[in-house]
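A.B. asks: dropping a prediction and its sequence here:
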Protein chains: 2
Amino acid sequence: MTTPAPSSSLDFALDRTSPVPLYYQLAQQLESAIEHGALAPGSLLGNEIELAGRLGLSRPTVRQAIQSLVDKGLLVRRRGVGTQVVHSQVKRPLELSSLYDDLEAAGQSPATRVLRNEVQPASAEVAAALGIAEGSDVIVLERLRLTHGQPMAFLCNFLPAGLLQLDTAKLEATGLYRMMRAAGITLHSARQSIGARCATVDEAERLEETEGAALLTMQRTAYDSTGRIVEYGTHIYRASRYAFEFQLLVRS
Amino acid sequence: MTTPAPSSSLDFALDRTSPVPLYYQLAQQLESAIEHGALAPGSLLGNEIELAGRLGLSRPTVRQAIQSLVDKGLLVRRRGVGTQVVHSQVKRPLELSSLYDDLEAAGQSPATRVLRNEVQPASAEVAAALGIAEGSDVIVLERLRLTHGQPMAFLCNFLPAGLLQLDTAKLEATGLYRMMRAAGITLHSARQSIGARCATVDEAERLEETEGAALLTMQRTAYDSTGRIVEYGTHIYRASRYAFEFQLLVRS
DNA sequence: AAGTGGTCTAGACCACTCT
DNA sequence: GAGTGGTCTAGACCACTTC
């Protein structure tokens, strides 16, 4: 097991007239070099000082670029040794992602059928979940998500009224999160709970399953960057057709 | 909705003789100030330059401390505005955590019954999952996890043989991940898949459930910092007694 | 216009790992 | 002892938000 030699002759093109930060330009080019295999797994990056000198950058700037890739899990730093490309194939870590986007990225050609989209007073449960007063107006959304013409999930969401205009036609053409982003709502964090249960008769019928079939359940409360609760949802997935997959990184 | 005034008079005690980095000392004291409510949600932190001057630190050092809390989701920075404490109660984000530790932290007094702990040749499936040759020696581990005397999960794990000594008594007294950490194995990342299915007769009997009961399933492949696969596991949880709960942060 | 965070520089010394 | 990343300093200019 020999240590790989530093890959010395990579050409990075930095544009100082670009509004894109230099550390970010470097990080992106490093990332694509790793993805394309120009930087092999396990290979050393070469020391920061020399790299900074070669690129005409200061060391902190180079460090910032490298650190962002370490945070992404693509690189590992070891003091006294150097910075190496991680061996394993890192996929994306768990993101606060949209089911619609996930399916679309997986080439599953998702479709949405909006079953309900109306404003009504919040029940006690919904009010508590959204942190608003009972009886306040909330948007109630019920959607069926299909792939290849088959039902895959039943999505029920609640949003404080007035946060957003939810056009049914647009909802069927795209996802809820994409509409929120377009409305200037920047998601910050979410609290999720994933469980399972057996389908009731109603659920089975709605999802074209049999009674008692295994269902995955997910509840999510989403916050924007000011800490406001912007969405509460209860989702049900057919376990026969869906599983949550994700990559975790250890906080160090 | 008035903007909260900067909380100006917080006293931070920095110890320059300590081996603990200054930025880390500051970050910890900020974090505990937030947790204890000395820094109220929504309150402004005061600008970095002034804070640096008051603490006798340089601005980059103060920034590093603040940035680490932003990464944790406790603070939000807005250009032209300032740095604020996030409103929502941030719990911990999803970690590559040990079920044992999670239960212990929740005061569930977990117990483990080791059903199997032996070395045997890897099957094709296990070899593929661990990235080793078929027929190589692997440790096979089967455990029942109980809380309050009731079965909660059935854990099946595979590890490359020779990585670790797995004493059955120690396994029953603590968790696998804690033993790996003690053996100098530093986890780096893991790929997980969470699904659901109905219990077979055997599974139902083992977990004291009824046939057809909903089960949560989890498969995990764990990597150390060099990218080596150090563990592959298939876990089954009683959905009536367990759900995955976690906080997600949006990558920005 | 004033104040904030975002980026960047050019150095410095220390702690750790390897040979 | 040589080489690496880890930490830290004291400035600088820019972009954005708010008034």
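C.D. replies: Yep, that arrived.

A.B. asks: could you list every residue that touches the closest residue to A:Q165 other than its chain neighbours?
C.D. replies: Leaving out its chain neighbours, the residue that sits closest to A:Q165 by C-beta to C-beta, 6 or more residues apart in numbering or on different chains is A:A183, at 7.5 Å. Using the backbone N, CA and C atoms, a C-beta is placed for each residue, glycine as well. When contacts are counted by C-beta atoms under 8 Å, 6 or more residues apart in numbering or on different chains, A:A183 touches A:163-165.

A.B. asks: and A:A183, how far is that from A:L55?
C.D. replies: Going from A:A183 to A:L55 by C-beta to C-beta, to the nearest Å gives 40 Å.

A.B. asks: ok, A:T112 next?
C.D. replies: Between A:T112 and A:L55 the computed distance is 47 Å (C-beta to C-beta).

A.B. asks: what's the answer for A:R145, then?
C.D. replies: Note on A:R145: its distance to A:L55, by C-beta to C-beta, is 46 Å.

A.B. asks: neighbour-wise, which of these two wins?
C.D. replies: More crowded of A:R145 and A:L55, by other C-beta atoms under 10 Å in any protein chain shown: A:R145, with 21 against 18.

A.B. asks: following element in sequence after the lowest-mean-pLDDT helix or strand in chain A, please.
C.D. replies: Every helix and strand of chain A was ranked by mean pLDDT, DSSP states H and E. The lowest is helix A:99-105, at a mean of 76. Sequence order places strand A:110-121 as the next helix or strand after helix A:99-105, per DSSP states H and E.

A.B. asks: quick one: contacts of that next one?
C.D. replies: Counting by C-beta under 8 Å, 6+ apart, A:99-100, A:103-104, A:134-147, A:149, A:161, A:166, A:168, A:171-173, A:175 sit against strand A:110-121.

A.B. asks: filter those down to the buried ones, ChimeraX style.
C.D. replies: Buried residues among the contacts of strand A:110-121 (16 or more other C-beta atoms under 10 Å in any protein chain shown), as a ChimeraX selection:
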select /A:99,100,103,104,138,139,140,141,143,144,145,146,147,161,166,171,175
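
A.B. asks: which of the contacts of strand A:110-121 fall within helices?
C.D. replies: Among those, the members falling in helices (DSSP state H) are A:99-100, A:103-104, A:168, A:171-173.

A.B. asks: closest one to B:D15 out of those, please.
C.D. replies: Each of these was scored against B:D15 by C-beta to C-beta, and A:L99 proved nearest at 48.6 Å.

A.B. asks: hey, what's the nearest residue to that closest one once chain neighbours are set aside bridged with?
C.D. replies: Once flanking residues are discounted, A:L99 sits nearest to A:R145: 6.4 Å by C-beta to C-beta, 6+ apart. Beta-bridge pairing for A:R145 (DSSP bridges): A:T112, A:A153.

A.B. asks: I'd say A:R145 and A:A153 touch.
C.D. replies: Yes - shown here, A:R145 and A:A153 form a contact pair, counting by C-beta atoms under 8 Å, at 4.4 Å.

A.B. asks: tell me the phi and psi of the residue lying closest to A:R143 once chain neighbours are set aside?
C.D. replies: The shortest distance from A:R143 to any residue other than its chain neighbours is 4.5 Å, reached at A:L155 (C-beta to C-beta, 6+ apart). With angles defined as degrees, to the nearest 10, A:L155 sits at phi -110, psi 130.

A.B. asks: quick check: residues of chain A near DNA strand C?
C.D. replies: Neighbours of DNA strand C within chain A, by C-beta under 7 Å from any atom of the strand: A:3, A:21-24, A:56-61, A:64, A:78-81.

A.B. asks: how about A:S18, what does it touch?
C.D. replies: A:Q25.

A.B. asks: ranges for the strands of the stretch 101-250 of chain A?
C.D. replies: Counting by DSSP state E, counting those that start in this stretch, the stretch 101-250 of chain A has strands at residues A:110-121, A:137-147, A:150-160, A:187-198, A:214-224, A:229-238, A:244-249.

A.B. asks: the fourth one near chain B at all?
C.D. replies: Yes - shown here: strand A:187-198 in contact with chain B (C-beta under 8 Å from any C-beta of the partner chain) through A:187-198.

A.B. asks: for that strand, what does the pLDDT average out to?
C.D. replies: Averaged over strand A:187-198, pLDDT sits at 92.

A.B. asks: now do the last one
C.D. replies: Per-region confidence: strand A:244-249 scores 86 on mean pLDDT.

A.B. asks: which elements pack onto that strand?
C.D. replies: strand B:187-198 (3 or more C-beta pairs under 8 Å, 6 or more residues apart in numbering or on different chains; DSSP states H and E).

A.B. asks: sheet partners, orientation included, of the strand it packs on?
C.D. replies: Partners of strand B:187-198 in the sheet, by DSSP bridges, are strand A:244-249 (antiparallel), strand B:214-224 (antiparallel).

A.B. asks: dump that strand to PDB, restricted to CA.
C.D. replies: Extracted in PDB, the C-alpha atoms of strand B:187-198 (Å, rounded to 0.1, in the frame of the first residue of the first chain):
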ATOM      1  CA  LEU B 187     -16.500   6.600  11.100                       C
ATOM      2  CA  HIS B 188     -16.800   9.000   8.200                       C
ATOM      3  CA  SER B 189     -20.000   8.400   6.300                       C
ATOM      4  CA  ALA B 190     -22.700   5.900   5.700                       C
ATOM      5  CA  ARG B 191     -25.200   5.100   3.100                       C
ATOM      6  CA  GLN B 192     -28.700   4.300   4.400                       C
ATOM      7  CA  SER B 193     -31.900   3.100   3.100                       C
ATOM      8  CA  ILE B 194     -35.100   3.100   5.100                       C
ATOM      9  CA  GLY B 195     -38.200   1.100   4.000                       C
ATOM     10  CA  ALA B 196     -41.100  -0.800   5.400                       C
ATOM     11  CA  ARG B 197     -42.600  -4.300   5.100                       C
ATOM     12  CA  CYS B 198     -45.000  -6.600   6.800                       C
END
